[in-house]
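Colleague: Quick one, what's the 3D model for this:
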Amino acid sequence: MRAPREFLIAALSRVLEDGDISRVELDAGIPDAGGLKGAELKAYLGLSYWSDDADIRAKDPAYGPARREGLKLLLQGLADPATEPSLSMESVMSKVCVVAAGGTGGHMFPAEALARELAARGWRIVLATDHRGEQYAHAFPAEERIALDAATGRGPIGLAKAGLTIVRGVFQARRALKRLDAAVVVGFGGYPSAPALLAALSQGRPTLLHEQNAVLGRTNRWLAPYVGAVASSFPDLQKVPQGVGARVTLIGNPVRPDIRALYDRPFAAPAPGAPIRVLVTGGSQGARILSETAPRALAALPEAIRSRLKVQQQSRPETLEAARQIYLDAAIDAEVAPFFRDMAQRLSAAHLVIGRAGASTCSELAVAGLPSVLIPLKIAMDDHQTFNAAALAEAGGAEVMPEDAVTVDGLAARLEAILGDAAKLEVMSRGARAAALPDATRSLADMVEVATRPV
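Modeller: Take a look at the predicted model:
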């Protein structure tokens, strides 16, 4: 039976107003509809994907708002006399995007940013990853998670085992994609993304890749010739297979909303005699350079600069005390901790960042318009951090020091030239912001929607 338009409008309005469908009970004198509530009302209205507030809080805070946006769209359709009153929630929120990402934060964080944007647009999100990715996915806005087999290997035996594991993962993904009727699969690199993309390609489903670094990663490089489109984060993407360049679109690296908000705030160089705020990040990779060499270099600065320093530094737990002691001996006001959760707030207050050149770091520095001294990790695959840093350096927003060339005296001289010149900090800030692509998340979501449109 079709639900009368007036009843649907009243019911959906009550659900939106109350926020918890399990508490909504309607008895509007409508035949076959009086007294419906909870699960019965869900079924009657076609809201099989709606979860009550308890479920929303348990799964993800973005889950509920996305569903409410879908309800609003449904209400708008019902209010138009030209529409059929048999619309359902499934017709509004039916498209499924499978987000496939490897098990590192560098892959998972931009994937999460895209998932939140698509969920806000009414998409259903499913995450495909491996057990390593789960540690970064506690707040991932996915209604379902698919654990896929994926592995790497060395030597003939290791490679054979890895190949069999990926094949098994492809068959797992094929079954999942068919069950979900996935509209598109978006890969963010890392070996766990391969099975989902291969499965999608074998079924003729739309696909696209996002590359976070300035060098196309191995998994993305392998799959790039076959997917529908490639989204890049840096303007001069390296190691692009022949014939793929025309399908590469520069959009940038998705960043969190609190980081995106920094793009609109002006940079203020330190006033004469005022504190100089330095943020040191990336101590988890290459502890000696960032956990010991950087503090010693700051301690070696002239008194006129050193006395004004306010330092915040991330450091590995085993090097915390050594870094703290260096700052204490130099009478530098410093906060040293293994991890800072309020990174956006700290970036907003900083005048200079010293750190590695990971994709997320470079993108966040550009969006925030922050001057930096970058020390690329020399063991990074394909030296991608050096290429990441080059984009900021060429725009004038960063100075780059190769890891093997970093000494206490050399770093101190570089820092003195920057921190002792407020005008230079202003110029570097403008250069960093010139390299920013702040709306990468929205642009990537647009690419996803274009990929699913009928040709």
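
Colleague: so where's this structure uncertain?
Modeller: 1-94, 103-105, 131-138, 149-165, 283-287, 455 (pLDDT under 70).

Colleague: So it: which segments form each domain?
Modeller: The chain breaks down into these domains under automatic domain parsing: 5-91, 95-255+439-451, 260-434.

Colleague: how about the residue nearest the centre of the chain, secondary structure?
Modeller: In the chain, the C-alpha closest to the average C-alpha coordinate belongs to residue 110, at a distance of 2.0 Å (C-alpha atoms, centre = their mean). What DSSP: H, G, I helix; E, B strand; the rest coil gives for residue 110 is helix.

Colleague: quick one, strands of the stretch 51-200 of the chain?
Modeller: Assigned by DSSP state E, counting those that start in this stretch, the stretch 51-200 of the chain shows strands spanning 96-100, 124-129, 144-147, 184-187.

Colleague: cool, and the stretch 301-450 of the chain?
Modeller: Under the criterion DSSP E, counting those that start in this stretch, the stretch 301-450 of the chain contains strands at 309-314, 333-337, 352-355, 372-374, 398-400.

Colleague: isn't residue 351 right up against residue 426?
Modeller: No. Assessed by C-beta atoms under 8 Å, residue 351 is found out of contact with residue 426, at 10.2 Å. (Each C-beta comes from the backbone N, C-alpha and C, glycine too.)

Colleague: Which of these two has more residues huddled nearby?
Modeller: Shown here are residue 351 and residue 426; by other C-beta atoms under 10 Å, residue 351 has more neighbours (24 against 14).

Colleague: measure that one to residue 336 for me?
Modeller: In this view, residue 351 and residue 336 are 18 Å apart by C-beta to C-beta, to the nearest Å.

Colleague: ok, the nearest residue to residue 113 once chain neighbours are set aside - contacts?
Modeller: Nearest residue to residue 113 in three dimensions, chain neighbours excluded: residue 254, at 3.5 Å (C-beta to C-beta, 6 or more residues apart in numbering). Listed by C-beta atoms under 8 Å, 6 or more residues apart in numbering, the contact partners of residue 254 are 109-110, 113-114, 117, 210, 440-441, 444.

Colleague: Check the gap between residue 254 and residue 358 for me.
Modeller: Counting by C-beta to C-beta, the separation of residue 254 from residue 358 is 14 Å.

Colleague: ranges for the helices of the stretch 51-200 of the chain?
Modeller: Applying DSSP state H, counting those that start in this stretch to the stretch 51-200 of the chain gives helices spanning 53-59, 63-79, 89-92, 105-120, 155-180, 193-202.

Colleague: Return the most buried member of the domains of the chain.
Modeller: Of the domains of the chain, the one with the most neighbours on average (mean count of other C-beta atoms under 10 Å) is domain 95-255+439-451, at a mean of 21.

Colleague: Look up which residues are beta-bridged to residue 354.
Modeller: Beta-bridge partners recorded for residue 354 (DSSP bridges): residue 280, residue 373.

Colleague: Over to residue 398?
Modeller: Counting by DSSP bridges, residue 398 is bridged to residue 372.

Colleague: Residue 221 versus that one, what's the distance?
Modeller: As judged by C-beta to C-beta, residue 398 and residue 221 stand 26 Å apart.

Colleague: Which strand residues bridge residue 333?
Modeller: Counting by DSSP bridges, residue 333 forms beta bridges with residue 310.

Colleague: My guess is it contacts residue 313. True?
Modeller: No. Counting by C-beta under 8 Å, residue 333 stays clear of residue 313, with 11.6 Å between them.

Colleague: now the strands of the stretch 51-200 of the chain in JSON lines, with distance to residue 295?
Modeller: Listed next are the strands of the stretch 51-200 of the chain as JSON lines, based on distance: least, C-beta to C-beta, whole Å:
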{"stretch": "strand 96-100", "distance to residue 295": "39"}
{"stretch": "strand 124-129", "distance to residue 295": "36"}
{"stretch": "strand 144-147", "distance to residue 295": "41"}
{"stretch": "strand 184-187", "distance to residue 295": "39"}
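
Colleague: To residue 391, which of the ones you listed lies closest?
Modeller: Minimum separation from residue 391 across those (C-beta to C-beta) falls at strand 184-187, 22.4 Å.

Colleague: what's the closest one packed up against?
Modeller: Here strand 184-187 touches strand 96-100, helix 193-202, strand 207-211, helix 218-223, helix 440-451, going by 3 or more C-beta pairs under 8 Å, 6 or more residues apart in numbering; DSSP states H and E.

Colleague: Now do the first one: everything it contacts.
Modeller: Around strand 96-100, the neighbours that count as contacts under C-beta under 8 Å, 6+ apart are 111, 114-115, 118, 123-129, 142, 146, 148, 176-177, 180-188, 192-193, 195-197, 200, 448.

Colleague: now the last one
Modeller: By C-beta under 8 Å, 6+ apart, the list of residues contacting helix 440-451 from outside reads 97, 110, 113-114, 116-118, 121, 184, 186, 206-208, 210, 228-229, 231, 233, 249, 251-255, 260, 363, 437.

Colleague: ok, back up a step: could you point out the member of the contacts of residue 254 that lies closest to residue 276?
Modeller: Nearest to residue 276 among these, counting by C-beta to C-beta, is residue 109 at 29.3 Å.

Colleague: and the closest residue in space to the closest one that isn't next to it in sequence, what is it in contact with?
Modeller: Nearest residue to residue 109 in three dimensions, chain neighbours excluded: residue 360, at 6.1 Å (C-beta to C-beta, 6+ apart). Listed by C-beta under 8 Å, 6+ apart, the contact set of residue 360 reads 105-106, 109-110, 212, 253, 255.

Colleague: Can I get these in TSV including distance to residue 410?
Modeller: Shown next, in TSV, are those (distance: C-beta to C-beta, whole Å):
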residue	distance to residue 410
105	30
106	28
109	32
110	33
212	29
253	29
255	31
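
Colleague: for those, which one is nearest residue 370?
Modeller: residue 255 (12.8 Å).

Colleague: who touches that closest one in this structure?
Modeller: Neighbouring residues of residue 255 by C-beta under 8 Å, 6+ apart: 113, 360, 363-364, 367, 438, 440-441.

Colleague: which one of the residues you listed sits closest to residue 409?
Modeller: residue 364 (29.2 Å).

Colleague: how much space between the closest one and residue 202?
Modeller: Residue 364 is 37 Å from residue 202, by C-beta to C-beta.

Colleague: Likewise for residue 322?
Modeller: In this view, residue 322 and residue 202 are 53 Å apart by C-beta to C-beta.

Colleague: What is the nearest of the contacts of residue 254 to residue 294?
Modeller: In terms of C-beta to C-beta, no member of those lies closer to residue 294 than residue 109, at 24.1 Å.
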